[in-house]
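[1] predicted model and sequence below, questions to follow.
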Amino acid sequence: MKKLLALIMAVIFILSFAACGKNTAETFDRDSDVPAFKTKVMAGGDFANSMVEEDVQLDSAGSAKLVYSGNRKIIRNAEISLSTEKYTETVKAINKAVAEYEGYIEASNEENYDDFTSLCLTVRIPTEKLDAFLNAVGGAATVTSKSISSDDITSSYADTESHLKALHTEQDTLLELLKKATTLTDTLEIQDRLTQVRSNIEYYQSMMNTYDDELSYSTVNMYVNEVEHEIATGSGFWSNMWTGLKESIYDIGVGIANFFSWIIVHIPYIVIFAVIILVLYVIIKKVLKKERDKKLLKEDKNAGQTNSGDVPSEK
């Protein structure tokens, strides 16, 4: 009987741990509630012969499930493009603003083309200072475009935190069971499950760290383009009309300046073409004059022959 009882208890032990593994694995589904899982507790002195199963339900309104009443978890990011005639001064102003608002530059890429420079920056700024930072860098140059995006991750954050709490609870339970295990088989099974739980804890903790970083710091993608002339921007009918008029006057001035600049640069070619055209003109003029003289001479001869034929002979 003792052997039969020991065999039955061993089977119960294995089935119980299988149920524990199956149910806890369901916690990895982010859209499901945290399910119940089996724990093994001591009912007496002897671990092998006195184990019983006790259902422990993680209450969704308790510590295993975080419920947000008004604190939303929102990730805010931005993108801004600037054009400037004073590239060096603008970059200095941006660096100053980054330091002033306690941010840092995550990535930077600078390129040169046609004697102008462009800069691409990825800046991380504390989320609560994002708007002030954008206003600061917007005053350092002309803003050609700006956009801000918001991503509400409240549900995902709460689910991840709930999974973490459930896994920590299971880990604590397994550690208690490990202390009370008296057989090698029990110890190995508990340690194997404990390894899985700790791996899952690391995974979800990494997700939480990423969420916290994105919530604390906003990512700002900045594009700074050096230009010959900044195109001013404004709002309203009169502001847009005045801006358009100034831009038209500027374009006309640039066109005239470019025209005279082109003439000065191409003077050697213009002189050569002028000489060639003059020589061709002289040659063509001489040829045409010679042809005209021949034609007049021929007409005079024909006219003389006609006149001599009309005069009567004397008898």
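    Looks like it arrived, so ask away.
[2] residues in contact with residue 201?
    When contacts are counted by C-beta atoms under 8 Å, 6 or more residues apart in numbering, residue 201 touches 164, 167, 168, 171. To be clear about C-beta, it is placed using only N, CA and C from the backbone, and glycine gets the same treatment.
[3] and the last one, what helix or strand is that in?
    Think residue 171. Residue 171 belongs to helix 154-180 when assigned by DSSP states H and E.
[4] could you pull up the mean pLDDT of that helix?
    If you average the pLDDT over helix 154-180, you get 95.
[5] and after that helix, which helix or strand comes next?
    Next along from helix 154-180, by DSSP H and E: helix 184-216.
[6] okay, strands next: where are they in the chain?
    37-42, 51-56, 74-84, 104-113, 116-126, 142-152, 217-226 (DSSP state E).
[7] what is the neighbour count of residue 229?
    Applying other C-beta atoms under 10 Å, we find 12 residues neighbouring residue 229.
[8] meant to ask about residue 181, not that
    Neighbours of residue 181 under the rule other C-beta under 10 Å: 17.
[9] for it, which non-adjacent residue is spatially closest?
    residue 187 (4.6 Å; C-beta to C-beta, 6 or more residues apart in numbering).
[10] if we can go back for a sec, deepest-packed of the strands of the chain, please.
    With neighbours defined as mean count of other C-beta atoms under 10 Å, the strands of the chain peak in mean count at strand 217-226, which reaches a mean of 20.
[11] which helices and strands does it pack with?
    strand 74-84, helix 87-100, strand 116-126, helix 130-138 (3 or more C-beta pairs under 8 Å, 6 or more residues apart in numbering; DSSP states H and E).
[12] closest one to residue 179 among the ones you listed?
    Smallest distance to residue 179 across these (C-beta to C-beta): 42.0 Å, for strand 74-84.
[13] quick one: strands adjacent to the closest one?
    Counting by DSSP bridges, the strands paired with strand 74-84 are strand 142-152 (antiparallel), strand 217-226 (parallel).
[14] got any ranges where the stretch 51-200 of the chain has weak pLDDT?
    Scanning the stretch 51-200 of the chain for pLDDT under 70 picks out 51-70.
[15] make a markdown table out of the strands paired with strand 74-84 and add distance to residue 113.
    Shown next, in a markdown table, are the strands paired with strand 74-84 (distance: least, C-beta to C-beta, whole Å):
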| stretch | distance to residue 113 |
| --- | --- |
| strand 142-152 | 17 |
| strand 217-226 | 10 |
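[16] can you list the low-confidence ranges for the stretch 201-315 of the chain?
    For the stretch 201-315 of the chain, the ranges with pLDDT under 70 are 230-247, 250-251, 254, 304-315.
[17] swap in 50 and give it another go.
    For the stretch 201-315 of the chain, the stretches with pLDDT under 50 are 315.
[18] ok so, going back, nearest to residue 202, of the strands paired with strand 74-84?
    strand 217-226 (22.7 Å).
[19] what's the closest one in contact with?
    75-85, 87, 90-91, 94, 103, 106, 116-127, 130, 133-134, 137, 141, 144.
[20] buried set for stretch 204-214?
    Neighbour counts over stretch 204-214 (16 or more other C-beta atoms under 10 Å) mark 204, 207, 211, 214 as buried.
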